[in-house]
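> Task: produce atomic coordinates for the following.
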Amino acid sequence: MDRKQISALIDRAVEASKRAYAPYSHFHVGAALMLSDGEIVPGCNVENASYGLTNCAERTAMFAAIARGRTDFAAMVIYVEVEQHIFPCGACRQVLFELAPDIPVFMTNKHKKTIETTPRKLLPNAFDSKNLPK
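Take a look at the predicted model:
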């Protein structure tokens, strides 16, 4: 990923965060998932009064891409307008690992400073299909 592509992903994640539905936490998260051809799929968190039904921005972007028949994930940016870097929750780490264990994932703060990692690094010793009986 070059700097221009990362910058475009950050801009789309910031844009997506503004569409978050977060009436309970007021914590607006945006994600931008780049596909192999450069297309960007946005995602935002969508809360629910029954908190367990809330969907995170990362999963929203990945599920939207899959619903369109795309699984050729190239990179993801996660953005929250706060000082610190926010990392994916456990559920998102598991989904990211399942669908794209080695893509670059960039956590971006309000100053647009980024930290890069991968789902594999975020979730060492992850449960995956190798753990299931044949």
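> Can you tell me the SS state at G43?
Secondary structure, DSSP: H, G, I helix; E, B strand; the rest coil: G43 is strand.
> my read: it touches T60, true?
Yes - the pair G43 / T60 is scored as a contact, 3.5 Å apart, by CB atoms under 8 Å. C-betas here are computed from N, CA, C, even on glycine.
> of these two, who's got more company?
G43 (29 against 23; other CB atoms under 10 Å).
> Number of residues surrounding the closest residue to D37 other than its chain neighbours?
Among residues not flanking D37 along the chain, D72 sits closest, at 7.5 Å (CB to CB, 6 or more residues apart in numbering). Using other CB under 10 Å, D72 has 12 neighbouring residues.
> I'd assumed G38 was in contact with D72.
No - between D72 and G38 there is no contact under CB under 8 Å: 10.8 Å.
> ok so, going back, shared neighbours of G43 and T60, anything?
In terms of CB atoms under 8 Å, 6 or more residues apart in numbering, G43 and T60 are both contacted by the residues A31.
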